[in-house]
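In: generate coordinates for the sequence data below:
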Amino acid sequence: MIHRASFCGVILAAGASTRMGTDKALLAWPPSNVERGTLLSSAIHAFAPFNNLVIVVAGKNVNVIKPVVHACGGYLAINPKPERGQFSSLQCGLQEVLNHGRDAAMITLVDKPPVKASTLEKLRAAFDAATLSGKWAVVPEYNGRHGHPILIGHEMIDAFLKAPTTSNAREVQHQNQVRIQYIHVDDPETTMNLNTPEDYARLSSQSA
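Out: Numbering: from 1, shown residues only. Predicted coordinates:
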């Protein structure tokens with residue numbers, strides 16, 4: 001019998017949002033809807049159909065985003081030392097994936113607009129096929145740029161968790177390059193970032 005991975009979504013939301021000036025997780029999204037949610041609630045809802053559980057990693061903003069996570073049926077994980085950087089939040093989230101008995105993760109950042117459901121469907125199908133040929137991860141690619149979410153199996157989870165806390169995700173992926181399958185997607189939101197008020201205004205106008 002072919003094993004099909006059991007997924008947890010992991011949304012990294014522990015950043016200080018210094019350049020944005022306000023917590024990016026709570027930015028209104030999508031701008032075109034009358035009944036808007038937030039970037040975080042939209043990300044949880046987008047992930048929910050494709051994952052057994054959606055884990056949100058918070059930092060010092062835990063009390064601010066906790067109501068959103070709970071209202072959307074997510075699971076809140078807390079990075080006790082978010083000042084160590086994004087990789088520490090990734091390791092925190094992946095440890096929770098294992099703690100919940102799952103063996104794969106769909107990972108994104110809270111400052112990225114949620115991607116299309118069709119994109120997630122394509123990535124899940126690609127992951128199932130790629131693991132049969134020994135791959136550990138699937139990464140979306142749009143116009144030659146790598147994006148999110150990335151899908152990783154238990155081997156890549158182990159690689160991330162065993163890496164020094166001073167590492168970053170890109171370094172670990174580079175060390176395991178031959179184990180990664182890049183998948184072309186027709187979805188520009190896989191490579192978009194919302195770091196500044198100008199980024200948010202631009203993407204809001206494009207989505208209106």
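In: state the helix or strand in which residue 87 lies.
Out: When elements are assigned from DSSP states H and E, residue 87 belongs to helix 86-99.
In: from the chain's centre, how far out does that helix sit?
Out: 11 Å (CA atoms, centre = their mean, to the nearest Å).
In: what residues of that helix count as buried?
Out: For helix 86-99, the neighbour count (16 or more other CB atoms under 10 Å) marks 86-94, 96-97 as buried. No exception for glycine: its C-beta is placed from N, CA and C like everyone else's.
In: make a markdown table from those and add pLDDT to it.
Out: Output for the buried residues of helix 86-99, formatted as a markdown table (pLDDT from 0 to 100):
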| residue | pLDDT |
| --- | --- |
| 86 | 93 |
| 87 | 96 |
| 88 | 96 |
| 89 | 96 |
| 90 | 97 |
| 91 | 97 |
| 92 | 97 |
| 93 | 98 |
| 94 | 98 |
| 96 | 97 |
| 97 | 98 |
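In: what sits against residue 29?
Out: Contact partners of residue 29, counting by CB atoms under 8 Å, 6 or more residues apart in numbering, are 36-39, 42, 113-114.
In: which one (most neighbours) among those residues?
Out: residue 39 (26 neighbours; other CB atoms under 10 Å).
In: isn't that residue up against residue 194?
Out: Yes - contact status for residue 39 versus residue 194: in contact at 7.2 Å, counting by CB atoms under 8 Å.
In: between the two, which contacts overlap?
Out: 24, 27, 111, 113.
In: among those, which lie within strands?
Out: Judged by DSSP state E, those include no members of strands.
In: for this structure, which spans come out with low pLDDT?
Out: Residue ranges of the chain with pLDDT under 70: 1-3, 31-35, 206-208.
In: if we can go back for a sec, what's the helix holding residue 87 packed up against?
Out: On a contact count with 3 or more CB pairs under 8 Å, 6 or more residues apart in numbering; DSSP states H and E, helix 86-99 meets strand 7-12, strand 53-58, strand 75-78, strand 104-109, helix 154-162, helix 169-175.
In: now those in CSV, with distance to residue 65 and mean neighbour count?
Out: Below are the helices and strands packed on helix 86-99 laid out as CSV (distance: least, CB to CB, whole Å; neighbours: other CB atoms under 10 Å):
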stretch, distance to residue 65, mean neighbour count
strand 7-12, 10, 28
strand 53-58, 5, 26
strand 75-78, 8, 18
strand 104-109, 14, 24
helix 154-162, 23, 18
helix 169-175, 22, 14
